[in-house]
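Undergrad: Next come a sequence and a model predicted from it.
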Amino acid sequence: MTTCPDTAVSALVDPILEERLAGCIQVIPGVVSTYRWQGKIQRDPEHIVLCKTPEDRLEVLLNRLLELHPYEIPELAVVAVDGVLPAYGQWLHDVTRPDTGP
């Protein structure tokens, strides 16, 4: 999970999907993040970006997000999932393989 400004959504989402680092990305628009940055309280409109990937692709995904992200220190939070529908898990695995999958 990360957050980003509207102008960065395509720059993050498209390469991640093209490079098969995630099988599905959901963008939730319309949030306002309030945080302290450089000694000041900031309020910025952002989008929440949820990238779904299997655990064995996580490190590569995180490194690529760091390369693509416009923020100096982006929020990159990993939310572990205890289980998914087996067919969904298989699909996610298949579509994140560099040489296989639908």
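TA: Ah, there it is. Quick caveat: nothing in here was measured; it's all calculated off a predicted structure.

Undergrad: When you work out contacts or count neighbours from here on, use the C-alpha atoms and nothing else.
TA: Noted.

Undergrad: and the residue nearest the centre of the chain, backbone torsions?
TA: The residue lying closest to the centre of the chain (CA atoms, centre = their mean) is residue 51, at 3.7 Å. The phi/psi pair for residue 51 (degrees, to the nearest 10) reads phi -110, psi 120.

Undergrad: Name whatever forms a beta bridge with it.
TA: residue 25 (DSSP bridges).

Undergrad: OK, contacts around it?
TA: Residue 51 makes contacts with 1, 22, 23, 24, 25, 26, as judged by CA atoms under 8 Å, 6 or more residues apart in numbering.

Undergrad: In ChimeraX, how would I select the buried members of these?
TA: Filtering these down to the buried ones (16 or more other CA atoms under 10 Å) takes a single ChimeraX command:
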select :1,22,23,24,25
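
Undergrad: and the contacts of residue 51 as CSV, adding pLDDT?
TA: Formatted as CSV, the contacts of residue 51 follow (pLDDT from 0 to 100):
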residue, pLDDT
1, 97
22, 97
23, 96
24, 97
25, 98
26, 97
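
Undergrad: Can you name the residues that contact residue 12?
TA: 65, 68, 69.

Undergrad: Tell me the one of those nearest residue 8?
TA: Residue 8 has its nearest neighbour among those in residue 69, at 7.5 Å by CA to CA.

Undergrad: State the distance from that closest one to residue 10.
TA: Per CA to CA, to the nearest Å, residue 69 is found 11 Å from residue 10.

Undergrad: With residue 90 instead?
TA: Residue 90 is 26 Å from residue 10, by CA to CA.

Undergrad: And these two? Which one has more around it.
TA: residue 90 (13 against 10; other CA atoms under 10 Å).

Undergrad: Ramachandran coordinates for the more buried one?
TA: Torsion angles, degrees, to the nearest 10, at residue 90: phi -70, psi -40.
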